[in-house]
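Peer 1: next one to model:
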Amino acid sequence: KLCNLKRIAIDEIYLGGRSGYLTIVMDLDSGAVVEVAQGKDAQALVPFWKRLKHSRAKIEAVATDMGLAYIKAVRENLPKATLVFDHFHIIKLYNEKLADLRRTIAREANTLEKKVFKGTRWLLLKTSSKLIVEKDEHTRLQEALRLNQPLATAYYMKEDLRRIWQQ
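Peer 2: Coordinates of the predicted model:
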């Protein structure tokens, strides 16, 4: 029942081809899917917002990605709810920025440094606990981080960000 909802998550999935996207609304307390709508824009959820309003549900929090359409729709339809960006999308965005930084640094590096940076993209994106000792991944990563302080700072910030969500 919509009237019992307190915390919801909104996300989209891509089905591929002509099917396009679906927008999913989930009850974060029960794990139940409460809405599936065609499309991924704000219009996809208009019928849901109407039913939710009629249900008089007291939504306290909404977890979503950082898409402006969802943020705007949540602010308009649930102005008292706390908006929370889900960790998956935050880590994904941070990893994209980290990869961009690595590319920029590698482009500007000298020949010796380029050899060190080669093949480090996936090492930077991996969680530190998943680095494979037998493949010297930790050693290779540390060598690259020692060469560039901004890259090291960005990497350790990413690891701190992951730890925040593990607590």
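
Peer 1: tell me what the longest helix seen in the chain is packed against?
Peer 2: Ranked by residue count and defined by DSSP state H, the top helix of the chain is helix 87-108. Using 3 or more Cβ pairs under 8 Å, 6 or more residues apart in numbering; DSSP states H and E as the contact test, the elements touching helix 87-108 are helix 111-117, helix 121-125, helix 149-166. Using the backbone N, CA and C atoms, a C-beta is placed for each residue, glycine as well.

Peer 1: tell me which of the ones you listed sits nearest to Val84.
Peer 2: Distance to Val84, taken as Cβ to Cβ, is lowest for helix 149-166 among the helices and strands packed on helix 87-108, at 11.4 Å.

Peer 1: and the angle for the closest one with helix 87-108?
Peer 2: Angular relation of helix 149-166 and helix 87-108 on a 0 to 180 degree scale: 170 degrees, by axes from the mean of the first three to the mean of the last three Cα atoms, to 10 degrees.

Peer 1: from now on call the first residue 755
Peer 2: Right, with 755 as the first residue, what we last looked at is helix 903-920.

Peer 1: appreciated, that's everything.
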